[in-house]
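# need the 3D shape of this:
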Amino acid sequence: MNLPGFAVRKPVTALMFFLAVVLLGSVSFYGTRIDLLPDFEAPVIMVLTTWPGAAASDVEQEVTDLVERRMSTIEGLDEMTSTSSDGASAVILRFDWGADLDARMGDARDQVNLIRAGLPDDANDPILFRITSSAFPVMLGVFTAGPSFSNQIQQVSGVGDVSVFGGDQREIRILVDLDKLKAYDMSISDISAALGREHFNLPAGSFKEGTIEYQLRVPGRFASVEDFRLAIVGTHEGRILYLKDVARIEDGYADETTFGWANGDKSVI
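Down below sits the predicted model:
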């Protein structure tokens, strides 16, 4: 068929055909849904376990290996990778596409309950994360603000989660004088144990008044640096020893140089 000749011989038919193509194209263009950030459910679960103060090698041996052994028994597991770093363990579980991720999350929770008993005493319980498109960050920003800034961002409509990295964290430094400890026949373990006994809130039961039941507690956590200085750490020859008698207490910010530092006649705990 000679298309130009047909259009000349039957201009009305050619025009109608052209309009039909334009109409169908317009309907298809405006009716097709386009999403720059499509919501998809990747069959991936992350098991995050934190162990504050632990070295990466210890995390791998005491935490990551245990998590991997337990998680490897989950049905439908396609691939498992892990990362061990100072203070944290991350195990990534990848399942076959189309797997029932809700059921696999239930299996992972069951394994977490078994893992808890084998973790070090000072390690935190494992946390499960489902890796979805909504979990990916859509904006990274650098701000200078107060501690409540992230809470304000969290309240913005449409914001699912806010993760904060960096910034200064308050730290109370206890600089122990080792010479004074020797003079009072004490050790750093004695200081640590004494602070553990002093720095906590004590539940004190409950009582009822009519139909209302009140919970009682004795607040004992230190609220200021002065409370640390006046903490009782022991006795010597009938004299009460306060923390300020054997250490200098500083109110500052955490940094890498204050962890595990020992020099001269002072030590940091």
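# so which bits of the helix or strand hosting F29 are buried?
Per DSSP states H and E: F29 is located in helix 11-31. Under the neighbour-count criterion of 16 or more other Cβ atoms under 10 Å, helix 11-31 has nothing buried. For every residue, glycine as well, the C-beta is placed using N, CA and C.
# residues contacting A247?
For A247, the contact set (Cβ atoms under 8 Å, 6 or more residues apart in numbering) comprises 174-177, 191.
# 6 Å - rerun?
Residues counted as contacts of A247 (Cβ atoms under 6 Å, 6 or more residues apart in numbering) are 174-176.
# for it, which non-adjacent residue is closest in space?
V176 (4.5 Å; Cβ to Cβ, 6 or more residues apart in numbering).
# in its sheet, what does whichever strand or helix holds the one you found sit against?
Using DSSP H and E, V176 sits within strand 170-177. Here strand 170-177 is paired, per DSSP bridges, with strand 247-253 (antiparallel), strand 266-268 (antiparallel).
# tell me how far R109 lies from G76.
15 Å (Cβ to Cβ, to the nearest Å).
# higher neighbour count, the two?
G76 (15 against 11; other Cβ atoms under 10 Å).
# do I have it right that the more buried one meets W97?
No: using Cβ atoms under 6 Å, G76 is not in contact with W97; the gap is 10.6 Å.
# quick one: buried residues of stretch 55-71?
Applying 16+ other Cβ under 10 Å to stretch 55-71 flags 58-60, 62-64, 66-68, 70-71 as buried.
# tell me the one of those nearest R170?
Of all those, R170 sits closest to V59, with 25.4 Å by Cβ to Cβ.
# that closest one: which element?
Per DSSP H and E: helix 56-59 holds V59.
# shaky segments in the protein?
1, 35-41, 132-148, 160-161, 163-168, 255-269 (pLDDT under 70).
# show me where it has helices.
Assigned by DSSP state H, the chain shows helices spanning 3-9, 11-31, 56-59, 65-71, 101-116, 149-154, 178-183, 188-198, 225-229, 243-246.
# give me the residues contacting stretch 114-123.
Contacts of stretch 114-123 (Cβ under 6 Å, 6+ apart): 51, 62, 66-67, 70, 125-126.
# now do the strand holding V176 against helix 188-198, angle only.
140 degrees (axes from the mean of the first three to the mean of the last three Cα atoms, to 10 degrees).
# in strand 170-177, what's buried?
173-174, 176.
# cool, and stretch 191-207?
191, 194-195, 198.
# out of those, flag the one nearest to G252.
For the buried residues of stretch 191-207, the minimum distance to G252 (Cβ to Cβ) is 17.6 Å, reached by L195.
# what is the neighbour count of the closest residue to L241 other than its chain neighbours?
Among residues not flanking L241 along the chain, G234 sits closest, at 4.8 Å (Cβ to Cβ, 6+ apart). Counted with other Cβ under 10 Å, the neighbours of G234 add up to 18.
# and G234, how far is that from I172?
Here the criterion is Cβ to Cβ. By it, G234 lies 20 Å from I172.
# and for F6?
F6 is 90 Å from I172, by Cβ to Cβ.
# what of R70?
Distance from R70 to I172, by Cβ to Cβ: 37 Å.
# got it, and S84?
On the measure of Cβ to Cβ, S84 and I172 end up 29 Å apart.
# a markdown table for the strands paired with strand 170-177, including distance to S224?
Compiled in a markdown table, the strands paired with strand 170-177 are given as follows (distance: least, Cβ to Cβ, whole Å):
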| stretch | distance to S224 |
| --- | --- |
| strand 247-253 | 9 |
| strand 266-268 | 20 |
